[in-house]
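Asker: what would the 3D arrangement of this be:
(2 chains)
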Amino acid sequence: MAELDTSGGGKHKGGKIRSKKASTRIDLTAMVDLAFLLITFFMLTTTLAKKKEMDLAMPDNSVKTSQLPVAASRSMTILLGSNNKIEWYLGEPGKSAPTVDNYGKDGLRKALIENEKNVASTHAAPDNFMIVLIKPSDKSTYENLVTALDEMSIAGIQSYAIVKITQPEIDELKKQNLY
Amino acid sequence: MPRVKVARKSTFIDMTAMCDVAFLLLTFFILTAKPRVDDPVKAEVPASSKIKAVPEENLATITIGGKNKVFYSVTGSDVRSEALKAMGEKYNVQFTPAEQFKFSNIEIFGVPMTKLKEFINMSEDEKKAFEQTGIPTDTTNNNELSNWILTSRQADKALHDRALDVAIKGDKKEQYPAISTVINVLGKQKIFKFSLITDLKTAPKK
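Answerer: Predicted coordinates:
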C-alpha cells in the first residue's frame, strides 16, 4: 500500500513487490574511535585518589575545668624544631636530658613506643598511659605537625595535645641549633 | 603449475561488542567525572596514614598556602550566597542579586572584603591572572576569616539545619604560626574539632 518502491528497476511483471534487503551492518569504526577518544579524555581528567582527612580535637580553653593532677613522669614532651628535627624529653623540663631525634620509624615512633611501654610498666592501672605534649615551635612546618600527629595514632597514644611552646623550650631548641 | 589461491577474507570485523564496552566505560567516566577546582595557590598537603575520606558536602575548607595566604571555600552554592549576604551587611558592602549569583559559583576565594566586589565582577581569565592576597586573619576577635566561617555556619544552620564541618588544608612547607593563627580563629568560635586534609601515605607496618 504505502510502501516505497526501492527496487530500482521496473522488472517485476505482475509478481509481488519486494523491497530490497539492505545489509544491517553499519560501519562502526568512526563511532568506536570517538568513544575511545572520549574515554581517554575522561579517564585522564578524573581524579581517583581522593584526599583524606585527619580529625583533630583541640582542648576547649573557654571552660576552666578542674585539672586532674598527673604524675610528671607520665608525660612526654615533643618539641618540633626546624630542619625536620624534634627534641623530646620525659617529665618536667630540665629534669631529664632531652634527646634530639628525627621523624620516622627509628626516631619518634621508636621513642614513643618505648616510652609508652616504660610508663605502662612503672605506673599502676588505670592511670598508666602516657600523655604526650606536642609543642610546635615557630620554625616547624605544617608537615611536621601532621607527621607528629600521625605518629601518635600509629603508636596508639591515647592522650596527646598540641600545646603552646614556652620560652625555656625555645632556648633549649636554640641550644641544639633547631630554631 | 596452477597458482595457489589464498582465500580472501573479509576485513570487516564485528565491532558491536567493542562499541558496547566503549560506551559503557564512557558513560561510567562521564557520570563519575567531577569538575576539578583549581586552587589559586599550590597547596601540597602532607601525607598521613589516615584513610577517612574528605566529605563532599557540608564542609568549609580553609586553605593555607603561598606564604601565609588564607583562602576560604565552602560547599553548597546556597550557603555561599547566604554567607555573602550576611557578610555584606556586616561590612556595609552592597551586593546585587547578580553578584550574589556570581559569588555562589566561585568555589574558592582569598580576597579581603574591600576587594571582593571587584573580584566577583571579573571574568574567569581575569580571576586567574589576578593575584589574590588572602583573607585577612589579624589577631582581633572579629577578623574577616572568622566572620566568613561564622556567617557560613549560620547560613548552613538556617538552610539545612546541620552543623558545618571545618577542615584545614595547608601546604606542607607552611610554617606553624600560620596554622596556629587559623586554629586560634576556630578556637574563638568554639570549634575545637576539625580535620586536617592529608594525602594517603601507605600504612606503616607496626
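
Asker: what's the next secondary structure element after the lengthiest helix in chain A?
Answerer: Using DSSP state H to define each element, chain A has its longest helix at helix A:29-45. Past helix A:29-45, heading to the C-terminal end, the next element that is a helix or strand (DSSP states H and E) is strand A:52-57.

Asker: buried set for that following strand?
Answerer: Along strand A:52-57, the positions that meet the burial threshold by neighbour count (16 or more other Cβ atoms under 10 Å in any protein chain shown) are A:52-54, A:56. No exception for glycine: its C-beta is placed from N, CA and C like everyone else's.

Asker: ok, and of these, which contact chain B?
Answerer: Restricting the buried residues of strand A:52-57 to those adjacent to chain B (criterion: Cβ under 8 Å from any Cβ of the partner chain) gives A:52-54, A:56.

Asker: and B:Phe194, how close does it get to B:Leu186?
Answerer: Using Cβ to Cβ, to the nearest Å, one obtains 6 Å as the distance from B:Phe194 to B:Leu186.

Asker: over to B:Pro46?
Answerer: Distance, B:Pro46 to B:Leu186, using Cβ to Cβ: 19 Å.

Asker: higher neighbour count, those two?
Answerer: Taking B:Pro46 and B:Leu186 together and counting by other Cβ atoms under 10 Å in any protein chain shown, B:Pro46 has the greater number of neighbours (24 against 20).

Asker: isn't B:Ser195 right next to A:Lys52, touching?
Answerer: No. Between B:Ser195 and A:Lys52 no contact is recorded; they are 9.2 Å apart, counting by Cβ atoms under 8 Å.

Asker: identify the contacts common to the two.
Answerer: B:52, B:54 (Cβ atoms under 8 Å, 6 or more residues apart in numbering or on different chains).

Asker: what sits against B:Phe71?
Answerer: By Cβ under 8 Å, 6+ apart, B:Phe71 lies in contact with B:39-41, B:62-65, B:108-110, B:132, B:134-135.

Asker: typo on my end, A:Asp101
Answerer: By Cβ under 8 Å, 6+ apart, the residues touching A:Asp101 are A:85-88, A:107-108, A:111.

Asker: point out where chain A drops to low pLDDT.
Answerer: Counting by pLDDT under 70, the low-confidence segments of chain A come to A:1-15, A:47-49, A:62-67.

Asker: partner residues bridging the residue positioned nearest the centre of it?
Answerer: The residue at the geometric middle of chain A, judged as the C-alpha nearest the mean C-alpha position with Cα atoms, centre = their mean, is A:Lys52 (5.0 Å). The partner list for A:Lys52 in beta bridges (DSSP bridges) reads B:Ala53, B:Thr198.
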